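Asker: coordinates for the following, if possible.
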Amino acid sequence: MTMLKAITFDLDDTLWDNHGVMARTEEGHYRWLLEALQTWRAARQETALALSHEEGGLDYLQRRQQLAKEVPERRGDFTWLRLRALEAQLEDAGLHRSAALMWASAAMNEFHRLRVQVTPHPEAAGLLATLAERYQLAAITNGNIHLQRQPLASYFPVAIAAGELLAPKPDPTPFLTALSRLNVAPERAMHVGDSWQEDVLPAQQLGMHAVWISETEEQTLPPRVYRIAHIKELPNVLDTLEKTLEKSD
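Answerer: As a prediction, this is how the structure comes out:
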């Protein structure tokens with residue numbers, strides 16, 4: 001009898017390497033915005049906005065950080081923060097409100113187009129397909145990737161964007177929401193992620209099993225926590241855990 005019923009997964013830097021994707025997305029969507037705006041204003045015989053890629057990009061970041069302080073309940077809703085920051089920046093640069101809203105929205109469309117261009121680890125799809133035969137699967141992410149457009153979406157009938165709940169990890173809300181939708185008790189679920197603070201500790205504190213993806217072995221592991229260096233090692237942990245649960249149940 002399978003005692004573990006469900007496995008929830010973090011996405012970024014768990015099922016794929018996210019650093020390069022975010023760097024390209026960050027640079028790419030803002031450069032696209034400035035170039036598209038320049039072309040648009042030139043066609044209307046209007047002067048170019050006084051926004052450079054370097055200074056404008058830094059201002060964009062500072063506006064997001066300030067918004068996160070001013071509206072703390074939105075600090076994990078990265079799409080909202082980006083959209084509001086761009087709208088304000090473009091208005092301050094001289095665009096009318098309606099044009100600022102239009103171009104900020106267009107820039108975020110470009111952001112999401114680039115954001116979903118992730119490359120899952122080669123083992124990820126096959127692993128998830130095999131796991132789906134035995135367990136219920138769910139995704140829990142703080143990232144603002146469009147969950148239904150990411151390449152592994154079909155394996156996650158339950159997908160939780162924590163920022164949209166206004167409760168980013170390590171808040172327990174996204175974990176509890178996933179468990180509720182899966183109709184699984186915490187002790188019959190496992191969470192897999194790369195962050196000690198945002199994935200491992202909140203899951204473990206709720207009574208879930210947790211798998212920490214990390215190359216370091218220096219951290220002392222609390223009960224119900226396992227460490228692996230790569231997602232491909234997960235089946236070994238599951239085999240060990242299942243044997244242990246069968247004996248104790």
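Asker: going forward, measure contacts and count neighbours with C-alpha atoms only.
Answerer: Noted.
Asker: and the longest helix anywhere in the chain, which residues are buried?
Answerer: Ranked by residue count, the top helix of the chain under DSSP state H comes out as helix 19-43. Across helix 19-43, burial judged by 16 or more other C-alpha atoms under 10 Å covers 21-22, 25, 28-34, 38.
Asker: can you tell me what sits against stretch 56-71?
Answerer: 30, 74-76, 81-82, 85-86, 89 (C-alpha atoms under 8 Å, 6 or more residues apart in numbering).
Asker: swap in 7 Å and give it another go.
Answerer: The contact list for stretch 56-71 (C-alpha atoms under 7 Å, 6 or more residues apart in numbering) reads 74-75, 81-82, 85-86.
Asker: most neighbours, which of those?
Answerer: In terms of neighbours by other C-alpha atoms under 10 Å, the contacts of stretch 56-71 top out with L86 at 27 neighbours.
Asker: element containing that residue, please.
Answerer: helix 78-92 (DSSP states H and E).
Asker: following element in sequence after the helix or strand containing F175, please.
Answerer: Assigned by DSSP H and E, F175 falls within helix 173-182. Later in the chain than helix 173-182, the nearest helix or strand by DSSP H and E is strand 189-193.
Asker: quick one: low-confidence parts of this structure?
Answerer: The chain contains residues with pLDDT under 70 at 1-2, 247-249.
Asker: mind checking the SS state of the most centrally placed residue in it?
Answerer: Nearest to the geometric centre of the chain sits G143, at 2.2 Å (C-alpha atoms, centre = their mean). Look at G143: counting by DSSP: H, G, I helix; E, B strand; the rest coil, its state is coil.
Asker: any idea how far it lies from R224?
Answerer: Here G143 is placed at a distance of 25 Å from R224 (C-alpha to C-alpha, to the nearest Å).
Asker: CA atoms of the helix holding L86 as CSV?
Answerer: Output of helix 78-92 as CSV, limited to C-alpha atoms (Å, rounded to 0.1, in the frame of the first residue of the first chain):
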residue,chain,number,x,y,z
PHE,A,78,5.7,40.1,-8.9
THR,A,79,3.5,40.6,-11.9
TRP,A,80,1.5,43.2,-10.1
LEU,A,81,4.7,45.0,-8.9
ARG,A,82,6.2,45.0,-12.4
LEU,A,83,3.0,46.3,-14.0
ARG,A,84,2.4,49.1,-11.5
ALA,A,85,6.1,50.1,-11.6
LEU,A,86,6.1,50.3,-15.4
GLU,A,87,2.9,52.3,-15.5
ALA,A,88,4.2,54.8,-13.1
GLN,A,89,7.6,55.1,-14.8
LEU,A,90,6.1,55.6,-18.2
GLU,A,91,3.7,58.3,-16.9
ASP,A,92,6.5,60.1,-15.2
